[in-house]
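> This is a predicted model, with the sequence first.
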Amino acid sequence: MPAQHEGSVPRSDRRDRRLSESSARSRLTLETLYADAQPYPMMRRAGGRAALSGREDSTGSTSSVDLFTIAANRIGYGPRPGQRDEWVSLGASEGERLWNYVSQQLDPGGIVDTEYDNRRASFGGYSTLDKSLAQLWTEHNLNSEWQIRTLPSDEAEFDTFLRAIYSRRQLEAVMSEFWRDHFSAYAWEGWGWSLWPDWMRLLRTNCFGNFHQLLIGTVQHPIMLYYLDNFQSTVAGPNENHARELIELHTMGADHYLGVAPWQNVPLDGNGVPIAYVDNDVYETTRALTGWSVAYTSSRGNTGEFYYDSDDHDRFQKIILQNFLPADQPDLKDGMDVLQALADHDGTAAYICRKLCQRFIADNPPQSVVDAASAVWKSLRDDPFQIRETVRTILTSQEFQNTWGEKTKRPFEVVVGALRATQMHFEWERDGDDIGTFFGRFGDTGHALFSWRAPNGYPDSRDKWESATTRVMTWRFILWMIDSEEPGGAFRLKALDQTPPEVRSPNALADFWIDRLLQRPMDPADRQVIVDFMAQGFNPDFDVNLANDSTYERLLSMIGLILNSPEALKR
Amino acid sequence: MKSTRRGFCVGCSTAIASLAGSRFNSLAFGGQEGINDDILLVVFLRGGIDGLNLVPPTTHPDRVHYEVARNDIQVPLSGSNSALDIGGGFGLHRGAQRLHELYQDGNVAIVQATGMTTVSTRSHFDAMEYMELGTPGSGSSTTGWLARHLSTATNLPTEVVMPSLAVGSLEPRSLLGSDETASLGNVSSFSLQMGPGGWRSAHRTALRHLINNGSTQLHLSCSRALDAVDIVELNVEGGYTPDNGAQYPNGSFGNNLRAIAQIIKIGLGLRIATLDLGGWDTHNGQGNDGGGFFFDNVEQLSEGLHAFYTDMDGGGGTPSYNPRITTVVMSEFGRRVRENANNGTDHGSGNNLLVIGGSVNGGIYGTWPGLADEQLFDNADLAVTTDYRQVLTEILVRRLQNTAIGTIFPGYVPDYLSNGPLGVVQGTDLTIDSPALFEDGFENGTLNWSVTQS
């Protein structure tokens, strides 16, 4: 096996998708950047940033929105045209609609997904995505031709966008993303290139299932066994990488880590279970997982599937979380005992339920909803739909319904949300026009898919996504997108086709597109900025001529402005 | 306040006003009475660098323990990958050839066996969080240590175009809560010159107005971002040529260092910069006999730091910047002394920390705890003998002349008080503020109890 590390296979080696940007750039002036007088930009200013323009201290311009907005933006990737009408048809009251929407979404198999299916079919169906793990291994990983070897991960990347944009199974896409971050691995190295679709399938098909089963699936998957080195962890040479992250990141969480401390001294809870783990538990878990490997050699059949090698397993007794595991247990039992103990641990329930609430509600969710979710999680430990019922508890809670704008959309959500709202079409296939530029520019936001190097996954808290890089590069992506053209020169954004003929005044255009893109009103002050932009000093009730190229481009730019507004970043 | 652009500039600080309409230069923020113009660059090596192979014992008596523990991955004493001598019984990894040149010129201090003396964790994420927040044992602070330095420094101009810069896509926790930090991933693409050509300035103006309509954290972060891109577009031209023939290594680390050099030279008042280099979590195949992956990554680090120093060393009539630039190279922890069976190393404890600059007193510092079995932490790791905050405190005081250590590192009582400074950098020692505690004290995560250590 070649050595693999963070950074050992630069993404750019895979394919150069980025258009080369002109490195020479001439300096601009404030007069060029802005249409009106602006103070010289400064990061440190007397009186501080908030004093810059005498801002009011407020908690947000739109402090309350309706339940549809909350559901569309937090149970999915933002509203698409027509979605509000479907929502209204779900029940007589808002509460009933939410309950029914959540119930539908928690049963993805019951949702007819015609548009996603058709789009996927139009791109040739992504033939690698339905292949078994062994097929992906044999037909792709063992294939020396680079284009064939790497096709599965490319198709998985396209499919992830496609599902988020077009699938009606929005919650399934969101939960798949949640588990993708939770069980974070890196696609663009080693076996990732070829086996990634099977990894995505594991996370998707178990996204509402039983955590213990999902956990076993991840620990035995070649993607994780490779990423965290366990495939080569043996009794003769144990490697603790996977064991440590299994406990710290995948189950109990660092809140339940006491560092280097004697295992005997960890206090017990009411059921006699130690309430935290120490380094000895990591070491013992490492031993329990020795021999958990992959059939990657001919002597093991070379199928790429999980392979347990009893010769490589440490057969002696172990003490994990103060459980005694006797020597010479049957094959796999040591590891299975550990996974059972970790999945059952109260700390795991608390840690993962908190993460779920952080995803769906707020960075600091009320403890009441975390506790409610955790209670369901624990009571359904052996239930095949443990996660589904936990998520139902969160999504129908008062805390979920009463919170808005505590989260900021990450770049993936911003871009997917914009594509859903505008219905812009890109060719999600290898030779698709502009698709390389699309991914290059999307990567500049810092949120490229399957690309987070460390095992803790992309962060999901607001403060970690507030960097100027992310913000500027996301704005820039939207600006590029609204200005992009199909082969032949027509704008991808079919703004004219989507604007009713009677909507032509700046006031009407602003209102129509605000509703179209956000499906909720903007704060009056924000709306006025949009109207003023479209009116450019003329009477906002007078029609503009969209047949004029420049005016039409102003409409495109106005659409970009709504998408780039702080309001559009809230969820 | 309604004001025209011209009117506003008159209202700006004198430094800005005197330069309005012209290019800023490095004198804009320096040289004023009472103003500190030192620059601190923090390079964080993500993943836990194997410091024991970066600075291996050579003629030190512990060489024998080192060779026993690291049969395959040891840095050899002879051959093409042999360690480079730095005296004191230690050497530098061969990949650090360029760093060795800086060392020989007296511009590199190596502090041995640093880390957190108050807590032990082998978790990357806990360790990074603790170190960068500056609160070992607690991850609950809403500000990082560099942010607290910036907010407590009384010797900076009241108005600075870009006091602080984080290069990379996400900001490090050390700058958490800083409202005056710009971040950028790639200078050449950091621009909003995009979208329908005829409407760019109108779009930007409207975007600015939308941002000014609110004062939530979201609006403030947008305001910060738009300021940052304005500043870069107004000041940074493409086609930057480093001075003195400095050659940055290919890749994002070299590019990021070059961007920092360029921005320092433009004279935007930069005081703090951070950047990361990853790839140090070498659990397998890190490279035998002083070569391999670890060699390449060390080489990238070393060549980048050397190029930056060279580039900043003056030329063309400009004095060297290096006397006022201090670069700290740190990592969350070291690695296990004993190699694992995959020719890699697992998470450990004590690690060396590098300080580089023109005002550095070159040499080896700190107490070497030893590699004999009974000297190791938890029977496995190089022990920690110097708290990383001791080194940072010295730099804060002697170079940046900030004495608010009690706020920057709450609860930390530096050895600086009892034993004096290590002496890694030149400067005047000042009386530092008494340590203060955060309201939430120092619990271990969310657990309000501790374990008996015996």
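Received it, and whenever you're ready, just let me know what you need. Residues are numbered from 1 along each chain as shown, chains lettered A, B, ... in the order given.

> what ranges do the strands span in chain B?
Using DSSP state E, the strands of chain B run over residues B:39-45, B:84-87, B:90-92, B:108-115, B:164-167, B:181-184, B:272-277, B:325-331, B:351-357, B:363-365, B:386-387.

> rank those by mean pLDDT and give me the bottom one.
Mean pLDDT is lowest for strand B:181-184 among those, at a mean of 88.

> hmm, back to that, CSV for the strands of chain B, including distance to A:Ile352?
Just so you know, the C-beta spots here come from the backbone N, C-alpha and C atoms, and that holds for glycine as well. CSV is the format used below for those (distance: least, CB to CB, whole Å):
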stretch, distance to A:Ile352
strand B:39-45, 29
strand B:84-87, 48
strand B:90-92, 44
strand B:108-115, 30
strand B:164-167, 30
strand B:181-184, 30
strand B:272-277, 28
strand B:325-331, 29
strand B:351-357, 32
strand B:363-365, 44
strand B:386-387, 34
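
> A:Ile530 - how many residues pack around it?
Per other CB atoms under 10 Å in any protein chain shown, the neighbour tally for A:Ile530 reads 25.

> Using the three-state scheme, assign the closest residue to it other than its chain neighbours.
Excluding the flanking residues, the one nearest A:Ile530 by CB to CB, 6 or more residues apart in numbering or on different chains is A:Ala510, at 4.4 Å. Of the three states, A:Ala510 takes helix under DSSP: H, G, I helix; E, B strand; the rest coil.

> still on that earlier bit, nearest to A:Gly190, of the strands of chain B?
strand B:272-277 (21.6 Å; CB to CB).

> Is any residue of the closest one near chain A?
No: residues of strand B:272-277 are not located near chain A by CB under 8 Å from any CB of the partner chain, the shortest gap being 8.5 Å.

> Paired strands for that strand, with orientation please.
strand B:39-45 (parallel), strand B:164-167 (parallel) (DSSP bridges).

> which one of those strands is the most hemmed in?
strand B:164-167 (a mean of 26; mean count of other CB atoms under 10 Å in any protein chain shown).

> Dihedrals phi and psi, the residue lying closest to A:Asn239 once chain neighbours are set aside?
Nearest non-adjacent residue to A:Asn239, counting by CB to CB, 6+ apart: A:Ser233, 4.0 Å away. Torsion angles at A:Ser233 (phi, psi; degrees, to the nearest 10) stand at phi -90, psi 120.

> A:Ser233 contacts A:Tyr226, correct?
No: counting by CB atoms under 8 Å, A:Ser233 sits too far from A:Tyr226 to count as a contact (11.6 Å).

> Among these two, which residue is more densely surrounded?
Shown here are A:Ser233 and A:Tyr226; by other CB under 10 Å, A:Ser233 has more neighbours (31 against 24).

> From A:Gln38, how far out is that one?
As judged by CB to CB, to the nearest Å, A:Ser233 and A:Gln38 stand 58 Å apart.

> if I pick the residue of chain B most remote from its centre, what's in contact with it?
The centre of chain B is farthest from one residue, B:Gly198, which by CA atoms, centre = their mean lies 41.6 Å away. Neighbour list for B:Gly198: A:550, A:553-554 [criterion: CB atoms under 8 Å, 6 or more residues apart in numbering or on different chains].

> For the residue in the stretch 101-250 of chain B that chain A sits nearest to, grab the count of nearby residues.
Closest residue of the stretch 101-250 of chain B to chain A, CB to the nearest CB: B:Ser169 (3.0 Å). Counted by other CB under 10 Å, the residues lying close to B:Ser169 total 23.

> what does A:Tyr308 give?
15.

> surely the residue nearest to A:Ile530 meets A:Val531?
Yes: look at A:Ala510 against A:Val531 with CB under 8 Å: they come within range, at 4.5 Å.

> Please identify which of those two sits among more neighbours.
Neighbour count, other CB under 10 Å: between A:Ala510 and A:Val531, A:Ala510 has more, with 25 against 20.

> For the more buried one, give me its contacts.
Contacts of A:Ala510 by CB under 8 Å, 6+ apart are A:527, A:530-531, A:534, A:558.

> any idea which of those is the one closest to B:Leu210?
A:Ile530 (8.2 Å).

> quick one: secondary structure of the closest one?
Assignment for A:Ile530 (three-state DSSP): helix.

> A:Asn564 is in contact with that one, correct?
No: assessed by CB under 8 Å, A:Ile530 is found out of contact with A:Asn564, at 11.0 Å.

> just to revisit the earlier point, double-check the residue of the stretch 101-250 of chain B closest to chain A against A:Arg471; I have them as touching.
No: in this structure, B:Ser169 is not within contact of A:Arg471 by CB under 8 Å, at 10.9 Å.

> looking only at pLDDT, what's the mean for the helix or strand where A:Tyr351 lies?
Secondary structure from DSSP states H and E places A:Tyr351 in helix A:346-360. Helix A:346-360 carries an average pLDDT of 98.

> again with stretch A:327-341
Stretch A:327-341 comes out at a mean pLDDT of 98.

> buried ones in that stretch?
A:329, A:332, A:334-341 (16 or more other CB atoms under 10 Å in any protein chain shown).

> picking that back up, let me see the contact set for the residue of the stretch 101-250 of chain B closest to chain A.
Contacts for B:Ser169 (CB under 8 Å, 6+ apart) come out as A:444-446, A:467, A:469-470, A:473, B:183, B:185.

> which one in those is the model shakiest on?
B:Gly185 (80).

> Now for the closest residue to it other than its chain neighbours, how many residues are close by?
Of all residues not flanking B:Gly185 in the chain, A:Thr469 sits nearest, at 4.4 Å (CB to CB, 6+ apart). Per other CB under 10 Å, the neighbour tally for A:Thr469 reads 27.

> quick one, phi psi at A:Thr469?
Per degrees, to the nearest 10, the backbone of A:Thr469 is at phi -60, psi -50.

> I figured it was touching B:Ser189, is that so?
No: counting by CB under 8 Å, B:Ser189 is not a contact partner of A:Thr469; they are 10.0 Å apart.

> which SSE is A:Arg516 in?
helix A:506-518.

> Buried residues of that helix, list them for me.
Buried-residue list, helix A:506-518, by 16+ other CB under 10 Å: A:506-514, A:516-518.

> which other residues reach stretch B:67-79?
For stretch B:67-79, using CB under 8 Å, 6+ apart, the contacting residues are B:52-53, B:56, B:58, B:66, B:81-83, B:91, B:93-94, B:286-290, B:294, B:337-339, B:343-345, B:371.
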